[in-house]
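1. Here's my sequence, what's the structure:
(chains A and B)
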Number of protein chains: 2
Amino acid sequence: MSEILVVGSVALDTIHTPGGSVADALGGSASYFALSAALYVPVRVVAVVGDDFSEEHRDVLASRSVDLAGLQIASGKTFRWEGIYGSDMNERTTVSTELNVFETFHPVLPESYRQAGAVFLANIDPLLQEEVLDQLSSPWLVVLDTMNYWIAHRRAELLRVLRRVNLFLINEGEARQLTGADSILRAAEGIRMMGPSTVVIKRGEYGALARTERGWFSLPAYPVETLKDPTGAGDSFAGGMIGHIAEKGTVDEASIRRGMAHGTAVASYAVEEFGVGGLLEIREGALRARVRSLSEMTRFDPD
Amino acid sequence: MSEILVVGSVALDTIHTPGGSVADALGGSASYFALSAALYVPVRVVAVVGDDFSEEHRDVLASRSVDLAGLQIASGKTFRWEGIYGSDMNERTTVSTELNVFETFHPVLPESYRQAGAVFLANIDPLLQEEVLDQLSSPWLVVLDTMNYWIAHRRAELLRVLRRVNLFLINEGEARQLTGADSILRAAEGIRMMGPSTVVIKRGEYGALARTERGWFSLPAYPVETLKDPTGAGDSFAGGMIGHIAEKGTVDEASIRRGMAHGTAVASYAVEEFGVGGLLEIREGALRARVRSLSEMTRFDPD
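-> Numbering: from 1, shown residues only, chains lettered A, B, ... in the order given. Purely as a prediction, here's the structure:
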């Protein structure tokens, strides 16, 4: 078993969906990831918030044994995001992004964080991801996420980080953008040439597709009855997946596959409620039942 | 084991893709389906062609033991379709559709066809699908396909046919159109209330999702290196799936799941070459290897 270090954003999200809205809710990639991965192993957060970040939000993370020693508090306002989802929940429009204290953020790892075995570099500037890697002694698992903006504007830096990564999570459109390949299969293979031995393509309602050292693995999304708020689904998937792998202490074909199933199950809870609410309701027995159910709904006897 | 009767179109297709073109190639839903299902069981075709339909095209079907006693030859021209695929192969534009002899077609089943156990009602006017059902004595398996045009313009007739169907194949957008549901899960459940106990949602490059009496089953597309021509993928999928089920002689959870894997494998060959060319190259051993490979790339141990 290994602890996980995550660097990413802790944010205040304002979210509008056809079914309702929330304002200034706890959000950000590091929050979703930490609350998900903490279901499996201890999680240490490297991020920054402003002096407006409430004790209440801090308590949500702390109550799940998330280590906040690496959470800087800067004078100024916390990172804020506001977005609107359309009726089919697949498209979202960003109303505003206020970087605030994130604008001048540089990750500084407490001494106790530097021995971390597993690290998740959530979607932030590749330069900051690199700064985190440079402060770690010898992690056995480095996982990276990114987005279209960095692929377009920090390409060289992103490619430099990619060479140091074991496992890369990326969505479908961004995999095409990064490689220039039309075929998602060729895109995944192209990305493996850039460094990561395993590439996981996130496909939203269609699930996830992995290219590992062994070959392809495909998993559907868990069928949820009510999709309330897709915000954070990708980071919750990452949290469940990396959480499981870190708990096993080894990244091999079995832990990658089972990890993706855990990620899928955790993400299914995340999207059933607004913000991080769904993650806070997860009980271990029910989560394992969803993982088994995913296995059942994909299994067939070929002969 | 059971023979399968198929009613649908036998056409001459002109297809343009970024990788090349073909003109007046053998096409149509009944052709793709018959060549696929004939890998498993004898297939009998009910369709119409014009007096311009070449002996060569007829021989392609006959050489695979497809029974053409129900293929009417009318004076006039064969049904023709011309289409163009864009660079990502997911969008196609129809340049022209000439119904020709199909305009006045009414299916008449030879006496020898009326005892058919399994029937595939390919994508044609629901009124014609109904005429075929009315001529059958007591099929144990009725499978239906349709398209957006019939959902919009022959809704009442389509709903009438649906009540007599066991297994319904439909693509994602059409399932939403038919039910008015945004969620594909609710759409599938809604369709089951209309008659068919099993609904298979075709999702193109994302594979297929089934709602059966037991619950959900999801299968990815088979990863093909080169996608040359997606024409006929859905009918080839249907042919492999229904072919396997008819060969087993029973429609249950195991034969539906394994059938979908056979359909997926057969469709992967279909899209690797222009027109029906890929289907003609299928060898049993290689096909079974793809089915096993699909099982391997979806399987994980949940505990």
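2. Just the CA trace of stretch A:76-95, in PDB.
-> Coordinates of each C-alpha in stretch A:76-95 appear next as PDB, following Å, rounded to 0.1, in the frame of the first residue of the first chain:
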ATOM      1  CA  GLY A  76      -6.500  36.800  -2.100                       C
ATOM      2  CA  LYS A  77      -9.400  34.800  -3.500                       C
ATOM      3  CA  THR A  78      -9.700  31.100  -4.100                       C
ATOM      4  CA  PHE A  79      -9.800  29.800  -7.700                       C
ATOM      5  CA  ARG A  80     -13.300  30.100  -9.000                       C
ATOM      6  CA  TRP A  81     -15.100  28.300 -11.900                       C
ATOM      7  CA  GLU A  82     -18.600  28.800 -13.200                       C
ATOM      8  CA  GLY A  83     -20.200  26.600 -15.900                       C
ATOM      9  CA  ILE A  84     -23.500  25.600 -17.500                       C
ATOM     10  CA  TYR A  85     -24.500  22.200 -18.700                       C
ATOM     11  CA  GLY A  86     -27.000  21.800 -21.600                       C
ATOM     12  CA  SER A  87     -29.900  19.300 -21.600                       C
ATOM     13  CA  ASP A  88     -27.900  16.300 -22.700                       C
ATOM     14  CA  MET A  89     -25.200  17.000 -20.100                       C
ATOM     15  CA  ASN A  90     -22.500  16.200 -22.600                       C
ATOM     16  CA  GLU A  91     -21.800  19.800 -23.500                       C
ATOM     17  CA  ARG A  92     -20.800  22.400 -21.100                       C
ATOM     18  CA  THR A  93     -20.100  26.100 -21.400                       C
ATOM     19  CA  THR A  94     -17.600  27.900 -19.100                       C
ATOM     20  CA  VAL A  95     -19.100  31.200 -18.000                       C
END
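3. what residues does that stretch touch?
-> A:9-18, A:24, A:27-28, A:48-53, A:96-102, A:204-205, A:227, A:229-231, B:182 (CB atoms under 8 Å, 6 or more residues apart in numbering or on different chains). C-beta here means a position set from N, CA and C on the backbone, and glycine is covered the same way.
4. and what of stretch A:146-166?
-> Contacts for stretch A:146-166 (CB under 8 Å, 6+ apart): A:121, A:123, A:125-127, A:129-130, A:133, A:141-144, A:168, A:170, A:173-174, A:177-178, A:191, A:194-198, A:251.
5. circling back to that earlier point, narrow the contacts of stretch A:76-95 to just the buried residues.
-> Among those, the ones that count as buried by 16 or more other CB atoms under 10 Å in any protein chain shown are A:9-17, A:24, A:27-28, A:48-50, A:53, A:100-102, A:205, A:227, A:229-231.
6. Please list which of those are also close to chain B.
-> Within the set of the buried ones among the contacts of stretch A:76-95, contact with chain B (CB under 8 Å from any CB of the partner chain) is found for A:205, A:227.
7. Sort out for me which of the buried ones among the contacts of stretch A:76-95 are in helices.
-> In helices, judged by DSSP state H, none of those are found.
8. got the residue ranges for the helices in the stretch 201-303 of chain A?
-> A:233-248, A:253-270, A:277-280, A:284-296 (DSSP state H, counting those that start in this stretch).
9. Deepest in the core, which of these is it.
-> Mean neighbours per residue, mean count of other CB atoms under 10 Å in any protein chain shown, is largest over the helices of the stretch 201-303 of chain A for helix A:233-248, with a mean of 28.
10. then that helix to PDB, C-alphas only?
-> In PDB, the C-alpha atoms belonging to helix A:233-248 read as follows (Å, rounded to 0.1, in the frame of the first residue of the first chain):
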ATOM      1  CA  ALA A 233     -16.200  12.900 -13.200                       C
ATOM      2  CA  GLY A 234     -12.800  12.600 -14.800                       C
ATOM      3  CA  ASP A 235     -10.900  13.400 -11.600                       C
ATOM      4  CA  SER A 236     -13.200  11.000  -9.600                       C
ATOM      5  CA  PHE A 237     -12.400   8.300 -12.100                       C
ATOM      6  CA  ALA A 238      -8.700   9.000 -11.700                       C
ATOM      7  CA  GLY A 239      -9.100   8.900  -7.900                       C
ATOM      8  CA  GLY A 240     -10.800   5.500  -7.900                       C
ATOM      9  CA  MET A 241      -8.400   4.100 -10.400                       C
ATOM     10  CA  ILE A 242      -5.200   5.300  -8.800                       C
ATOM     11  CA  GLY A 243      -6.500   4.700  -5.400                       C
ATOM     12  CA  HIS A 244      -7.000   1.100  -6.200                       C
ATOM     13  CA  ILE A 245      -3.600   0.700  -7.800                       C
ATOM     14  CA  ALA A 246      -1.900   2.400  -4.900                       C
ATOM     15  CA  GLU A 247      -3.700   0.200  -2.400                       C
ATOM     16  CA  LYS A 248      -2.500  -2.900  -4.400                       C
END
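11. Great, nothing more from me.
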